[in-house]
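Peer 1: Mind looking at a prediction? Sequence and model below.
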Amino acid sequence: MSTGQSLESSTRSEVFRRHLTGAGEAAPAPAADVVLLLEGTYPYVTGGVSSWVHGIISGMPDLSFGLIFLSANYEERELKYTLPSNVSFLSEVGIYDYIPYRFLPEEGNDSTGREEALAAAKRFCLDLQEGHAASFDKVYEYLSRRVLSIGDLAYSPMGWKLLRDVYEASAGETPFANFFWNWRFTYLSLWNLLYAHIPPARLYHAVSTGWAGYLGAVAKKRYGIPLILTEHGIYLNERRIELSQSGVMGVKEEGLSVNPEMSYLTKMWVNFFNATTKLCYERCDAIYTLHAGNRRMQIDMGAPEDMVEVIPNGVDVEALCQKASIERVSASTWDEKSPLHIGFVGRVVSIKDVKTLIRACRLVIDKLPNVEVLLMGPTDEEKEYFSECRNLVELLGLGDKVKFLGRVDVREYFPNIDVQVLTSISEGQPLVILEGYCSGVPVVATKVGACLEMVEGLEPEDRALGPSGIVTRVGNPEETAVAILKILRNPALRKEMAEAARERVCRFYDDRKMISRYRDIYETYIHEPCQ
């Protein structure tokens, strides 16, 4: 597959060509040492996960990498990264790209057992309704022999019967039309991925659960080749947060509470994500995450405890510190008359809760009028949310104080930022905190993901450095404003935090350590014989 910015029409059909081998059969010659399974991220979307992927590939030029990008539908896209020369192919799978005449049983394929295959498909669907995928092997056995096609499952009287049977067995009083459309956006996507063209590899590496993790389970079943998983944010938890924003689930200080009267369709989605997450955990050879809190959550969600290892992310400390202005303004020159800058680095999307940041900045500027707020990051991923944020800025009278800069080289701005603020609802281990630390920028961050240990330290040696910022509760603009004001109004404290930030990132978050650990992992698996 070409690594160009768009797929040629002649190669697009190749993306959708289905080649299935039975479980345990010898795989064809590998197309890459490591194939990364990427849902909605690198190389078409910027952000922390994409930066991590790019760093992994660039840091191991002697290994070849393949990229499978999962999206809702295939479309022409612009690359956000220049692909390193060791990327051997870039392929795209559109999880909702249904073409009814595809994958019809071919001459010589086993076309017997269609009723048994349909029964297995029904059992699989009902398992998913209950939040597990115990019958995955059975349904794969039938579909890998093309006993049923996508047309059979999605566009035929047989597929209609399957839909009706599952609806009548599980949906209760839910209107059929509502069930139908949710069905098409969940279960039929899984059929599509069961037939997906997956280039062979020596190792598959899923960079999330969800559809990428499910495709990893399919690849593992198809070729018997090792599969590993790295979760940055916990995919299942993030999907639950999205449901909470619909008003069905409530956010509490320590997590999520489920409304006992949640609708059947909400339960359907929750159980769907539960099932695909558990399937990925069960099929992985190893699971990695960024911090201890994530590890506990993964184990609670079904990951085998002895398989989950914490590998913190890192940044290119040497390059960033060379770029940064290491000697910031001395504490004696900081006063409330000097211009002060609050920085936000990230995508302007709902999970980053930029609205809470804007509300907090209104409270800060009421006390310190000489503050300017710089929001750095893409604004085109959730256009409606970005529009709402701009409207909130105008509503609060902050039009001359808050600037949306879009995509910029944040390294050019960090030396002039006095405090970085992240009000995210969910995070893994935000690299932007570490990048700011290289310039001695203290942070105010919500207590999500690894933020607490990044700010206050994890091990005794780390904690001894002192805090490099302040951690606040989720969705609390008042508490966020108090924390920002505490740092901005106290030059000596700001200087102490800046020194702790630089020391912490240099000692504990150098990306060379992270890349070295993943190199060891890759070397272990790619030299193992196929199962």
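Peer 2: Right, received. Where do you want to start? Numbering: from 1, shown residues only.
Peer 1: The strand or helix carrying Glu394 - contacts with which helices or strands?
Peer 2: Here Glu394 is covered by helix 383-395, with elements defined by DSSP states H and E. Applying 3 or more C-beta pairs under 8 Å, 6 or more residues apart in numbering; DSSP states H and E, one finds that helix 383-395 makes contact with helix 354-367, strand 402-406. Backbone N, C-alpha and C define where each C-beta goes, glycine included.
Peer 1: Can you lay out the ones you listed as TSV showing mean neighbour count, distance to Ser170 and mean pLDDT?
Peer 2: Below are the helices and strands packed on helix 383-395 laid out as TSV (neighbours: other C-beta atoms under 10 Å; distance: least, C-beta to C-beta, whole Å; pLDDT from 0 to 100):
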stretch	mean neighbour count	distance to Ser170	mean pLDDT
helix 354-367	21	37	98
strand 402-406	16	45	96
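Peer 1: These: which one's closest to Leu458?
Peer 2: In this view, the helices and strands packed on helix 383-395 are compared for proximity to Leu458 by C-beta to C-beta, and helix 354-367 is the closest at 25.7 Å.
Peer 1: Against which helices or strands is that closest one packed?
Peer 2: Applying 3+ C-beta pairs under 8 Å, 6+ apart, one finds that helix 354-367 makes contact with strand 340-345, strand 371-376, helix 383-395, helix 477-488.
Peer 1: Taking helix 477-488 as reference, get the angle to it.
Peer 2: 50 degrees (axes from the mean of the first three to the mean of the last three C-alpha atoms, to 10 degrees).
Peer 1: list the contacts for Glu453?
Peer 2: Residues in contact with Glu453 (C-beta atoms under 8 Å, 6 or more residues apart in numbering) are His291, Ala292, Asp462.
Peer 1: What score does it have for pLDDT?
Peer 2: The predicted local confidence for Glu453 comes out at a pLDDT of 92.
Peer 1: repeat for the one 4 residues further on
Peer 2: At Gly457, the model reports a pLDDT of 93.
Peer 1: likewise Gly233?
Peer 2: 81.
Peer 1: mind listing what the closest residue to it other than its chain neighbours touches?
Peer 2: With C-beta to C-beta, 6 or more residues apart in numbering as the measure, Gly428 is the residue that lies nearest to Gly233, at 4.3 Å, once sequence neighbours are left out. By C-beta under 8 Å, 6+ apart, the contact list for Gly428 reads 48-49, 231-234, 289-291, 294, 313, 449-450.
Peer 1: what about Thr230, is that helix, strand or coil?
Peer 2: Three-state call for Thr230 (DSSP: H, G, I helix; E, B strand; the rest coil): strand.
Peer 1: Please name the nearest non-neighbouring residue to it.
Peer 2: With sequence-adjacent residues excluded and distances taken as C-beta to C-beta, 6+ apart, Thr230 is closest to Tyr288, at 4.6 Å.
Peer 1: ok, Met60 touching Ile521?
Peer 2: No - in this structure, Met60 is not within contact of Ile521 by C-beta atoms under 8 Å, at 11.0 Å.
Peer 1: Closest to Gly475 out of the contacts of Glu453?
Peer 2: Sorting these by distance to Gly475 puts His291 at the head of the list, at 21.2 Å, by C-beta to C-beta.
Peer 1: contacting residues for that closest one?
Peer 2: His291 sits next to Val310, Pro312, Gly428, Gln429, Gly449, Ala450, Glu453, Leu458 when contact means C-beta under 8 Å, 6+ apart.
Peer 1: For it, report the pLDDT, please.
Peer 2: Model confidence at His291, given as pLDDT, is 87.
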